[in-house]
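A.B. asks: with the sequence up front, the predicted model follows.
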Amino acid sequence: MQAIDNQRITNYKRPSFVQVLHGQQTETTPVWVMRQAGRYLPEYMVLRRKYSFFERCQTPELATEITMQPLRRFALDAAILFSDILVVPQAMGVEVLLEENIGPVLPNPIRTMADLKRVHIPDVSDALHYVAQAIDLTKVALNNLVPLIGFAGSPWTIFCYMTEGKGSKTFDKAKAICFSNPELATKLLDKITETTIAYLKMKARHGVDALQIFDSWGGLLSPEDYQTWSLPYIQRIINAVKLEYNIPIIVFAKGASYALPELAATGATALGLDWTCSPQFARQMTQEKVVLQGNLDPALLLASPQVLEQRVKTMVSGFKRGQYIANLGHGITPNIAVEQVQRFIDTVKSC
Ligand code: 1CP
């Protein structure tokens with residue numbers, strides 16, 4: 001395969017991300033970027049033109065290469081395995097396509113009890129073996145110098161796509177199922193949860209250093225509904241994984257800062273924050289129970305260098321050293337210049 005070297009990292013060791021998650025002191029604030037492997041990188045675009053999205057996810061050499069791309073440019077403190085949250089519904093028997101200019105499309109969404117019969121709990125070591133292989137390969141490339149994050153969507157966020165059939169600003173069809181057919185909603189969420197537990201355990205078994213659960217659409221729920229339709233399923237995952245593995249778990253519930261106290265009580269090691277809450281508010285809501293991660297508005301990477309630097313400094317000093325991992329408040333967008341990512345990382349390191 002051309003343009004792929006899966007070259008090992010040899011020159012630097014970056015332990016601070018794992019140290020912070022294990023409650024240890026560090027000299028610098030660890031930093032990584034959500035969606036750091038993605039479309040703002042010209043070298044990603046080269047592979048994107050040559051291979052389809054799921055080819056990139058399902059070919060371990062390609063997934064490894066894309067995981068490594070941002071690490072060759074930037075002194076990031078963690079790698080995140082290139083994949084997608086939607087490989088899980090795919091493994092459960094639901095077709096998922098990624099359409100240009102539209103995004104994920106699930107042509108046959110789950111809306112009835114009859115539809116639910118099509119959904120199964122797979123043997124993840126079979127259906128998602130390519131993810132395990134990509135982890136093995138990436139671990140070799142990372143050479144124990146940079147930690148690797150494995151991830152999954154939260155059951156609620158996966159449920160949103162499986163019922164709605166595509167991305168949405170409101171996911172009102174997904175919510176309608178919860179409100180009008182709670183039995184169906186619960187049964188589907190149970191299946192997703194069981195699959196996700198097995199999936200994350202597999203990742204832990206293959207040696208990822210931390211897990212992140214993306215509850216990207218958690219914030220679409222009211223505080224009351226969050227307690228019913230998202231939190232208990234995340235709790236089940238944390239309990240099940242922690243029972244077998246001593247691995248840090250980060251929960252990123254976008255737009256759901258109202259649930260920070262409950263999320264801090266789940267046993268999660270760290271909570272990811274979006275930019276709609278201040279460091280002071282997040283700390284007050286969570287006390288000293290968890291590490292906090294975030295939360296620069298990704299749009300600030302479009303600001304002038306001076307404004308970006310000043311806002312990063314304010315953010316880092318707001319969270320204070322220790323129990324903190326710097327990141328954006330959501331994924332980096334394709335229109336960001338690589339120099340601004342460099343500036344973001346350098347500024348965190350200068351604080
Ligand atoms: O090249 C392309 O056009 C594909 C764009 C793309 C990429 C780079 C998609 C499609 N997924 C990914 C990779 C991806 N997805 C990663 C890689 C690791 C990294 O962070 O570098 C991760 C962690 C995800 C997770 C993901 N996929 C989430 C949760 C995180 C978030 O941003 O909230 C979600 C919601 C998805 C669904 C998804 N997959 C792809 C897109 C464009 C979307 C979002 C669509 C929507 O808004 O509904």
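C.D. replies: The structure has been received and is ready for your questions. Numbering: from 1, shown residues only.

A.B. asks: number of nearby residues for Arg14?
C.D. replies: Counted with other C-beta atoms under 10 Å, the neighbours of Arg14 add up to 22. Just so you know, the C-beta spots here come from the backbone N, C-alpha and C atoms, and that holds for glycine as well.

A.B. asks: excluding sequence neighbours, find me the nearest residue to Ile102.
C.D. replies: Excluding its sequence neighbours, the residue lying closest to Ile102 (C-beta to C-beta, 6 or more residues apart in numbering) is Lys166, at 7.2 Å.

A.B. asks: ok, that neighbour to the ligand distance?
C.D. replies: Look at Lys166 and the ligand: by C-beta to the nearest ligand atom, to the nearest Å, they are 7 Å apart.

A.B. asks: repeat that for Gly255.
C.D. replies: From Gly255 to the ligand the distance is 10 Å (C-beta to the nearest ligand atom).

A.B. asks: thought Arg39 was touching Met45?
C.D. replies: Yes. Counting by C-beta atoms under 8 Å, Arg39 touches Met45, with 6.5 Å between them.

A.B. asks: which helix or strand contains Val316?
C.D. replies: helix 305-319 (DSSP states H and E).

A.B. asks: what sits up against that helix?
C.D. replies: In this structure, residues lying in contact with helix 305-319 by C-beta atoms under 8 Å, 6 or more residues apart in numbering are 29, 278-280, 283, 292, 295-296, 300-301, 303, 324, 326, 340, 343-344, 347-348, 351.

A.B. asks: the residue in the stretch 151-300 of the chain that the ligand sits nearest to: how many residues sit nearby?
C.D. replies: Closest approach of the stretch 151-300 of the chain to the ligand (C-beta to the nearest ligand atom) occurs at Gly167, with a separation of 2.5 Å. Number of residues near Gly167 (other C-beta under 10 Å) recorded here: 14.

A.B. asks: that one is in contact with Thr157, isn't it?
C.D. replies: No. In this structure, Gly167 is not within contact of Thr157 by C-beta under 8 Å, at 11.0 Å.

A.B. asks: can you pull the residues that touch both of those two?
C.D. replies: Among the neighbours of Gly167, none is also in contact with Thr157 (C-beta under 8 Å, 6+ apart).

A.B. asks: hey, where'd the helices end up in the stretch 1-150 of the chain?
C.D. replies: With helices called from DSSP state H, counting those that start in this stretch, the stretch 1-150 of the chain shows them at 16-21, 42-50, 53-58, 60-73, 87-91, 113-116, 124-127, 129-142.

A.B. asks: after the top helix by length along the chain, heading C-terminal, what element do we hit next?
C.D. replies: Criterion DSSP state H: the longest helix present in the chain is helix 182-205. Sequence order places strand 210-215 as the next helix or strand after helix 182-205, per DSSP H and E.

A.B. asks: helices and strands around that next one, which ones?
C.D. replies: helix 16-21, strand 148-153, helix 155-164, helix 182-205, helix 231-244, strand 249-253 (3 or more C-beta pairs under 8 Å, 6 or more residues apart in numbering; DSSP states H and E).
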